[in-house]
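K.L.:
here is my input; please provide its structure:
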Amino acid sequence: MEEKKPLLKVENLKQYFKVNKKFMVRAVNGVSFNIYQGETYGLVGESGSGKSTIGRSIIRLYNPTGGKITFDGVDVTGKLSKKEEKHLRTNMQMIFQDPMACLNPRKKVLDIIAQGLDIHGLCKDKKEREEKVYKILEKVGLSREHASRYPHQFSGGQRQRIGIARALIMNPKLIIADEAISALDVSIQAQVVNLMKDIQEETNIAFLFIAHDLSMVKYISDRIGVLHLGNLLETGTTEEIFSNPIHPYTKSLISAIPHPNPIVEKVRIAEEYCYETSGIDYSKGKEQHVGGTHYVLATDEEFKSWVSN
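P.N.:
Purely as a prediction, here's the structure:
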């Protein structure tokens, strides 16, 4: 059987930011993972763990300090040719956290959504442009009347749908959803996530779903990567991570998920994790195979003690 080729391959990605001559922030420190066509890879971790930085490095809003990013068989790490850049910009799109901040308040929705088409010259005439926008608006649950309105005339959930429409109109192979639902109400979050799942079933698109809400990541993702302080601590299928968490940090994240049963919730004890006092040094750890697609970052001694617990 021929091995399935990943759509996106991230190898030893490093993203450092120089603050001054003496100090450098290691936002992402040697992260590796693959994303396959038609699947959702959930990247989860607390604020400041480097999740958004990874997303922005992959789509080349940042120039990676080190490592290699291969997208659709093309190395997109270094300086890109015009052809490579067009391939990346049309086939990879991003949905941002704050829909209002990334929608131009002076432009009508029609022009916002069609911006990618205009930049890459993908429409023959005005009629084709309008038809494409109307079609994509209907796909995300909005009507064609909305095309003539401005962003401030919409609710938060509707604005995020506009952001999704803008990404989808390019017919991409991968969408990076960077905390795309965290600014929305819980009921609206469910609507947007269900919309993303429906679109995935229809188009076989891949998602990199970045979030700090582990319960939502569990619902939407096929595979999960747990990130802390720029290091990928644990990765595996959703089932592997939730049924058998190995790393203490993963265990603390899972134990913090509220339980729907109030009786169970009352006695639930969340596990605490502090890197400084844990005695764990991420730089000494290596990728340890738990089973299947399940891997954890640990030294040999740590791995033995965590598995036996």
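
K.L.:
mind exporting whatever helix or strand residue 264 lives in as CSV, just the C-alpha atoms?
P.N.:
Per DSSP states H and E: residue 264 is located in helix 262-267. Below are the C-alpha coordinates for helix 262-267, written out as CSV (Å, rounded to 0.1, in the frame of the first residue of the first chain):
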residue,chain,number,x,y,z
PRO,A,262,-23.1,18.9,38.1
ILE,A,263,-22.6,16.1,40.7
VAL,A,264,-19.4,15.0,39.0
GLU,A,265,-18.3,18.6,38.4
LYS,A,266,-18.7,19.4,42.1
VAL,A,267,-16.0,16.8,43.1
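
K.L.:
okay, buried residues for it please.
P.N.:
Of the residues in helix 262-267, none count as buried by neighbour count, 16 or more other CB atoms under 10 Å. Quick note: C-beta positions are derived from backbone N, CA and C, even for glycine.

K.L.:
just the CA trace of the helix or strand just after that helix, in CSV.
P.N.:
Remark: after helix 262-267, the chain's next helix or strand is helix 275-278, criterion DSSP H and E. Once non-C-alpha atoms are left out, helix 275-278 reads as follows in CSV (Å, rounded to 0.1, in the frame of the first residue of the first chain):
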residue,chain,number,x,y,z
TYR,A,275,6.9,24.0,34.4
GLU,A,276,9.3,25.8,36.7
THR,A,277,8.6,23.4,39.7
SER,A,278,8.0,20.2,37.7
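
K.L.:
quick check: mean pLDDT across helix 275-278?
P.N.:
Helix 275-278 shows a mean pLDDT of 84.

K.L.:
distance from it to the middle of the chain?
P.N.:
27 Å (CA atoms, centre = their mean, to the nearest Å).

K.L.:
where does the stretch 201-309 of the chain have low pLDDT?
P.N.:
309 (pLDDT under 70).

K.L.:
90 instead?
P.N.:
For the stretch 201-309 of the chain, applying pLDDT under 90 flags the ranges 202-203, 211-220, 251-281, 283-285, 288, 291-292, 305-309.

K.L.:
helices of that one, start to end?
P.N.:
With DSSP state H, counting those that start in this stretch as the criterion, the stretch 201-309 of the chain has helices at 214-220, 238-243, 248-255, 262-267, 275-278, 300-308.

K.L.:
tell me which of those helices is the most buried.
P.N.:
Most buried of the helices of the stretch 201-309 of the chain by mean neighbour count (mean count of other CB atoms under 10 Å) is helix 248-255; its value is a mean of 20.

K.L.:
what's residue 47 sitting at in phi/psi?
P.N.:
phi -60, psi 140 (degrees, to the nearest 10).

K.L.:
looking at it now. What's its pLDDT?
P.N.:
86.

K.L.:
ok, residue 146 next?
P.N.:
pLDDT, residue 146: 88.

K.L.:
number of residues surrounding residue 182?
P.N.:
Other residues within reach of residue 182 by the criterion other CB atoms under 10 Å amount to 15.

K.L.:
distance-wise, check it relative to residue 95.
P.N.:
Noted for residue 182: a distance of 12 Å to residue 95, by CB to CB, to the nearest Å.

K.L.:
swap in residue 23?
P.N.:
Distance from residue 23 to residue 95, by CB to CB: 32 Å.

K.L.:
of those two, give the one with the bigger neighbour count.
P.N.:
The neighbour comparison of residue 23 against residue 95 (other CB under 10 Å) goes to residue 95, with 26 against 8.

K.L.:
residue 235 reaches residue 33, doesn't it?
P.N.:
Yes - using CB atoms under 8 Å, residue 235 makes contact with residue 33 at a distance of 6.1 Å.

K.L.:
of the two, give the one with the bigger neighbour count.
P.N.:
residue 235 (26 against 20).

K.L.:
residues contacting that one?
P.N.:
33, 223-226, 241, 293-295 (CB atoms under 8 Å, 6 or more residues apart in numbering).

K.L.:
so can I have JSON lines of these showing distance to residue 41?
P.N.:
JSON lines is the format used below for the contacts of residue 235 (distance: CB to CB, whole Å):
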{"residue": "33", "distance to residue 41": "7"}
{"residue": "223", "distance to residue 41": "5"}
{"residue": "224", "distance to residue 41": "8"}
{"residue": "225", "distance to residue 41": "7"}
{"residue": "226", "distance to residue 41": "12"}
{"residue": "241", "distance to residue 41": "12"}
{"residue": "293", "distance to residue 41": "11"}
{"residue": "294", "distance to residue 41": "14"}
{"residue": "295", "distance to residue 41": "14"}
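
K.L.:
those strands in the stretch 51-200 of the chain, which residues are they?
P.N.:
66-71, 74-75, 92-95, 174-178 (DSSP state E, counting those that start in this stretch).
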